[in-house]
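Engineer: Whatever this is, show me its structure:
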Amino acid sequence: MPNFLDHIEINPEKRFSKPIVKGTRISVYDVLNWLPNGMTKEEIIEDFPELSEEKSRPV
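Structural biologist: Now for the predicted structure:
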């Protein structure tokens, strides 16, 4: 079972303490909103290269 805390952090200094993808300022809410609104994983990674397919795989 993946430990999502390996990929998500809450930092009061970033994005008003909303959960973000670790090592970025991209909120988890944003990513979860883009997918059902038609963006593919590839399009998200193209627009936000700080994300990667490797970061999205469970450890």
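
Engineer: Return the backbone torsion pair for the closest residue to residue 44 other than its chain neighbours.
Structural biologist: Nearest residue to residue 44, sequence neighbours excluded (Cβ to Cβ, 6 or more residues apart in numbering): residue 34, at 5.7 Å. From N, CA and C alone the C-beta is placed, and that goes for glycine too. Phi and psi for residue 34, reported as degrees, to the nearest 10, are phi -70, psi -40.

Engineer: roughly how far apart are residue 6 and residue 23?
Structural biologist: 11 Å (Cβ to Cβ, to the nearest Å).

Engineer: What of residue 35?
Structural biologist: 20 Å.

Engineer: what's near enough to touch the spatially most central residue of the chain?
Structural biologist: Nearest residue to the geometric centre of the chain (Cα atoms, centre = their mean): residue 21, 3.8 Å. Going by Cβ atoms under 8 Å, 6 or more residues apart in numbering, residue 21 touches 7-8, 27-28, 31, 51, 55.

Engineer: mind running it again at 7 Å?
Structural biologist: By Cβ atoms under 7 Å, 6 or more residues apart in numbering, the contact list for residue 21 reads 7-8, 28, 31, 51, 55.

Engineer: Could you tell me which ranges of the chain sit under the pLDDT cut-off?
Structural biologist: Low-confidence segments of the chain, defined by pLDDT under 70: 54-59.
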